[in-house]
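Undergrad: Sequence first, predicted model second:
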Amino acid sequence: METIELNNGVEMPLLGFGTYQIDDHDECERSVSEALQTGYRLIDTAAAYGNEAAVGEAIENSGVPREEVFVTTKLWIDDAGYESTKEAFERSRERLGLDYVDLFLIHQPFGDVHGTWRAMEDLYDDGAIRAIGVSNFHPDRLVDLVAHNDVVPAVDQIETHPFYQRTEDAEFLAEYDVQHQSWGPFAEGQNDIFEHDVLTEIGDRYDKSAAQVVLRWLVQREVVAIPKSVHADRIHENFDIFDFELTADEMDTIATLDEGESLFFDHRDPEMVERLCGMERET
Ligand code: NAP
């Protein structure tokens, strides 16, 4: 598996496996086991997904040595703050059944992120986490975090796919030496991505699917991708992207698909922040 070096020297696989919306324990364990047997060495979970225990069991039963698997989990908004972050991390670590976590992310840029970050810095110093980072941070929030703390995030996991390519964010992240990681590489199937004309036409040249073209396009941009699937054939398909290379022209063609805005929601939209932070509107 190709890896990329984070700003603290830790190596992270360029391709991993996502587990959002795999709520059923057995299905999650089965999917993660399939991913590990296929060769994936990065598993992405979160406290909010409710499946850390299943992920931990799959890793434990896989026979893959612990040090060969890169495990990411995330802190949800309700647990933001110094003490609550330490407690929430401990609960995540217990559910995962792991001595250490490879990457711990602030899931959303809300609540007491500075208190959270200082707790994460301490856990990092203690060796409980190998790298710390953020998710869904636009550049302004990232600068604020960097300006008031010691450790620069190793990763920013943000929505990134052909319809929302994040090229300006990518330049900014590179400037700050923060690794760009894509969530929703397939936009969760929106815009008919798996049958998209441009992507399937490029894929046909290499006997690859649109899904494989998307993942190849991401890793060629050095964006870490974590596709999710509960189907063995798709888990294999999504892993089979290291035997072909897109040309500069093909990369340029895919660049034209960018719509420049989220297909889900904007983290700077106040109504969305209200919802995510559990605020009720009167009307
Ligand atoms: P995604 O990976 O873009 O899309 C997953 C969907 O695509 C599923 O419906 C899956 O169906 C389908 N699929 C997968 N491979 C396919 C293939 N080869 N052909 C056809 N269909 C295929 O969406 P995502 O799960 O939202 O994003 C990936 C990961 O990013 C998540 O699992 C999670 O770990 C992370 N994430 C993070 C955040 C965040 O806020 N930090 C937000 C969202 C996601 P089946 O499962 O039925 O195969």
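TA: Looks like it arrived, so ask away.

Undergrad: Sketch out the low-pLDDT regions of the stretch 151-283 of the chain for me.
TA: Scanning the stretch 151-283 of the chain for pLDDT under 70 picks out 282-283.

Undergrad: Contact residues of it facing the ligand?
TA: By Cβ under 6 Å from any ligand atom, the residues of the stretch 151-283 of the chain that approach the ligand are 157, 183-189, 194, 211, 226-231, 234, 237-238. (Glycine included, C-beta is placed from N, CA and C.)

Undergrad: List the ones among the residues you listed that fall in strands.
TA: Taking DSSP state E, the ones among those that sit in strands are 157, 183.

Undergrad: which residues does whichever residue of the chain sits closest to the ligand bridge with?
TA: Per Cβ to the nearest ligand atom, residue 18 is where the chain lies closest to the ligand, at 2.4 Å. Beta-bridge pairing of residue 18 under DSSP bridges involves residue 44.

Undergrad: Number of residues surrounding the residue lying closest to residue 62 once chain neighbours are set aside?
TA: Nearest non-adjacent residue to residue 62, counting by Cβ to Cβ, 6 or more residues apart in numbering: residue 36, 4.3 Å away. Neighbour count of residue 36, defined by other Cβ atoms under 10 Å: 21.

Undergrad: Would you confirm that residue 36 contacts residue 69?
TA: Yes. Counting by Cβ atoms under 8 Å, residue 36 touches residue 69, with 7.1 Å between them.

Undergrad: where does residue 142 land in three-state SS?
TA: helix (DSSP: H, G, I helix; E, B strand; the rest coil).

Undergrad: May I see the buried residues of stretch 164-181?
TA: 164-166, 169-170, 172-173, 178-181 (16 or more other Cβ atoms under 10 Å).

Undergrad: mind listing the helices in this protein by residue range?
TA: 25-38, 52-62, 82-96, 113-125, 139-147, 167-175, 197-206, 210-220, 232-239, 248-255, 270-276 (DSSP state H).

Undergrad: returning to what we had before: for the residue of the chain closest to the ligand, give me its contacts.
TA: Residues near residue 18 by Cβ atoms under 8 Å, 6 or more residues apart in numbering: 44, 183, 226-228.

Undergrad: again, 7 Å this time
TA: Neighbouring residues of residue 18 by Cβ atoms under 7 Å, 6 or more residues apart in numbering: 44, 226-228.

Undergrad: Redo those as CSV? Include neighbour count and distance to residue 266.
TA: Below are the contacts of residue 18 laid out as CSV (neighbours: other Cβ atoms under 10 Å; distance: Cβ to Cβ, whole Å):
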residue, neighbour count, distance to residue 266
44, 26, 22
226, 25, 21
227, 27, 23
228, 22, 22
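
Undergrad: re earlier: what pLDDT does the model give the residue nearest to residue 62?
TA: Residue 36 carries a pLDDT value of 98.

Undergrad: Correct me if wrong: residue 31 contacts residue 230.
TA: Yes. Residue 31 is within contact range of residue 230, at 4.8 Å (criterion: Cβ atoms under 7 Å).

Undergrad: what do these two both touch?
TA: Counting by Cβ under 7 Å, 6+ apart, the residues touching both residue 31 and residue 230 are residue 22.

Undergrad: Specify which residue of these two has the higher count of neighbours.
TA: residue 31 (26 against 15).

Undergrad: How about the contacts made by the more buried one?
TA: 22, 230, 235.

Undergrad: my guess is the first one meets residue 51, correct?
TA: Yes. With the criterion set as Cβ under 7 Å, residue 22 and residue 51 qualify as a contacting pair; they are 5.8 Å apart.

Undergrad: shared neighbours of the two, anything?
TA: Contacts common to residue 22 and residue 51, judged by Cβ under 7 Å, 6+ apart, are residue 28.
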